[in-house]
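*Asks:* Give me a 3D structure for the following:
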Amino acid sequence: MDIQVATLCDAAVDYNGKLCVIGTFDQIFARQVPVVHPSCALALRLCFKPGDEGQHKLGIAFVDEDGQPIIRPFEPVMEVRLPQENIFITRNIVLNLQGLKFEKTGTHEVQISMDGQTICSVPLRVVLVDPSQQPAGAPPLG
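*Replies:* Residues are numbered from 1 along each chain as shown. You can find the predicted model right below:
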């Protein structure tokens with residue numbers, strides 16, 4: 001299995017097998033903590049080959065830099081079957097998230113695993129900034 005895309009973004013949809021991603025980001029700027037990020041999505045595009053067929057447990061965990069969960073992990077079970085004429089098949093996964101709460105600053109991450117083995121991680125920094133020191137053109141504060 002190959003991960004073709006793994007990103008946090010403002011929004012994502014699976015549109016007829018196409019993964020449409022808007023506003024990829026890896027930092028949240030906050031005036032104070034805790035900070036709540038109102039809405040975002042985790043977008044994944046996975047590519048499976050014949051040796052990947054069968055049942056698999058996908059794991060998605062949002063953790064802080066101490067490895068503590070931010071939200072309860074997701075662990076869906078998925079069945080992979082390739083049509084006979086295909087040498088690969090892709091699947092898009094979009095996880096919409098509302099009201100993600102970060103208790104502290106630092107580097108957080110989304111850990112993605114398959115059958116209990118980590119296959120990818122997506123970093124996310126939560127940065128505390130002083131609004132009076134915010135440079136012109138900087139993204140809005142959370």
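
*Asks:* low-scoring stretches of this structure, by residue?
*Replies:* Across the chain, the ranges flagged by pLDDT under 70 are 133-142.

*Asks:* Tell me the spatial nearest neighbour of the residue nearest to the spatial centre of it, not counting adjacent residues.
*Replies:* Closest to where the C-alpha atoms of the chain average out (CA atoms, centre = their mean) is residue 42, at 3.3 Å. Take residue 42 and drop its neighbours on the chain: the residue closest to it by CB to CB, 6 or more residues apart in numbering is residue 95, 4.3 Å away. Heads up, the C-betas are built off the backbone N, CA and C, glycines and all.

*Asks:* before we move on, what about residue 36?
*Replies:* For residue 36, ignoring the flanking residues on the chain, the nearest one in space by CB to CB, 6+ apart is residue 101 at 5.0 Å.

*Asks:* same deal with residue 41?
*Replies:* In this structure, residue 41 finds its nearest non-sequential neighbour in residue 12, 4.4 Å apart by CB to CB, 6+ apart.

*Asks:* ok, the residue nearest to residue 42 to residue 74 distance?
*Replies:* Distance of residue 95 to residue 74, computed by CB to CB, to the nearest Å: 7 Å.
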